[in-house]
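> have a look; sequence and predicted model below, questions after that.
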Amino acid sequence: MSAPLPPILITGASQRVGLHCAGRLLDEGQPVIISYRTERDAVGQLRERGAIALQADLSSERGILDFIVALRSSTGSLRAIVHNASDWLTEVPGQEADAFQRMFSVHMLAPYLINLHCEDLLRRSSPADIVHISDDVARKGSAKRLAYCASKAGLDNLTLSFAARFAPHIKVNGIAPALVMFNPDDDAEYRRKTLAKSALGIEPGPEVVYQSLRYLLDNPYVTGTTLTLNGGRHVV
Ligand SMILES: NC(=O)C1=CN([C@@H]2O[C@H](COP(=O)(O)OP(=O)(O)OC[C@H]3O[C@@H](n4cnc5c(N)ncnc54)[C@H](OP(=O)(O)O)[C@@H]3O)[C@@H](O)[C@H]2O)C=CC1
Ligand SMILES: Nc1nc2c(c(=O)[nH]1)N=C([C@H](O)[C@@H](O)CO)CN2
């Protein structure tokens, strides 16, 4: 009887990309732990498939540390950590500092503290991976979402630092998508303009993120790398 596989943690997996990747890992018999902020039917469905679901609000140090305690109580090892949770906030006049702090916390402080506090859990698995889900927009900045973009750029830098710190046992990489899937309230004009920004001009859906994740998990010779997943935005 072989030992059970160490689980993969995906943060922010109650919907969309994170939910899709969690389901695909379960399809392959990979144990999964997710974090969610909002209880949704999809969370219950993941539980029914055997996933461990931990509630977490990663917008503060307290919330992150509480999550780490819950995570460490639920497993003694980790195959990988996928930092997917994200708040895509705009610059609302008078609320800029709050938005900045929330996105700094979710996109940078949470990966930073979870990686540091869970290094030992990853070292009990071989291979072991950390994957940061960033954003292609960090490549050039954003006049409309300055704080979001800055926090994702900081996450890209954490990829480099953790790759150096955790090598050779733990690989640390990133995935930087551009448009993957629209939101329901995105209107036709926004969709047209967004699709026109890339050479391939498609809304690919969340499977392309899972394909990128699979590549990083399976490849023993990639670390400190952030994969561009942008339909060729940088060539048009
Ligand atoms: N969708 C796209 O086209 C693109 C996505 N990306 C990146 O890919 C990743 C997945 O994208 P997508 O699926 O659209 O992401 P979502 O906007 O659906 O967010 C993912 C999850 O993050 C969780 N979350 C938000 N704030 C917090 C918080 N304070 N604490 C804990 N969890 C939180 C939400 O939890 P809940 O719903 O449970 O409240 C949500 O389900 C993200 O990192 C995103 O930045 C990058 C470029 C394009
Ligand atoms: N947390 C999120 N981050 C991002 C989202 C999203 O829905 N949630 N969406 C985008 C856009 O698709 C953008 O890439 C194209 O307009 C970016 N980040």
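Arrived safely. Numbering: from 1, shown residues only. Ligands and ions are numbered 1, 2, ... in the order given.

> residue contacts, residue 236?
Residue 236 makes contact with 197-199, according to Cβ atoms under 8 Å, 6 or more residues apart in numbering. All C-beta spots, glycine's among them, are computed from the backbone N, C-alpha and C.

> cool, residue 131 as well?
By Cβ under 8 Å, 6+ apart, the neighbours of residue 131 are 80-83, 172-175, 213, 216-217.

> can you tell me which of those residues end up in strands?
Among the contacts of residue 131, the members found in strands (DSSP state E) are 80-83, 172-175.

> including pLDDT, neighbour count and distance to ligand 2, could those residues go into a markdown table?
A markdown table is the format used below for these (pLDDT from 0 to 100; neighbours: other Cβ atoms under 10 Å; distance: Cβ to the nearest ligand atom, whole Å):
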| residue | pLDDT | neighbour count | distance to ligand 2 |
| --- | --- | --- | --- |
| 80 | 99 | 23 | 20 |
| 81 | 99 | 27 | 18 |
| 82 | 99 | 28 | 14 |
| 83 | 99 | 29 | 12 |
| 172 | 99 | 28 | 21 |
| 173 | 99 | 23 | 19 |
| 174 | 99 | 27 | 14 |
| 175 | 99 | 28 | 12 |
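
> give me the most central residue, this structure.
Central residue of the chain (Cα atoms, centre = their mean): residue 84, 1.7 Å from the mean position.

> where's residue 125 relative to ligand 2, distance?
28 Å (Cβ to the nearest ligand atom, to the nearest Å).

> quick check: buried residues in the lengthiest helix in the chain?
What stands out as the longest helix in the chain, according to DSSP state H, is helix 146-166. Going by neighbour count (16 or more other Cβ atoms under 10 Å), the buried part of helix 146-166 is 147-156, 158-159, 162-163, 166.

> follow-up on the earlier one: most neighbours among the contacts of residue 236, which one?
The most crowded member of the contacts of residue 236, judged by other Cβ atoms under 10 Å, is residue 198 (20 neighbours).

> mind checking the backbone torsions on it?
Main-chain torsions, residue 198, degrees, to the nearest 10: phi -120, psi 160.

> tell me the secondary structure at the residue nearest to it when sequence neighbours are not counted.
Distances taken as Cβ to Cβ, 6 or more residues apart in numbering place residue 231 nearest to residue 198, at 3.3 Å, with adjacent residues excluded. Under the three-state scheme (DSSP: H, G, I helix; E, B strand; the rest coil), residue 231 adopts coil.

> what do you get for residue 87?
coil.

> element containing residue 131?
strand 128-133 (DSSP states H and E).

> you'd agree residue 96 is up against residue 148?
No - taking contacts as Cβ atoms under 8 Å, residue 96 lies outside contact range of residue 148: 11.5 Å.

> what parts of this protein come near ligand 1?
Contact residues, the chain versus ligand 1 (Cβ under 6 Å from any ligand atom): 12, 14-18, 36-38, 56-59, 84-88, 106, 133, 135, 177-181.

> among the residues you listed, name the ones in strands.
Those of the residues of the chain next to ligand 1 lying in strands (DSSP E): 36, 133, 177.
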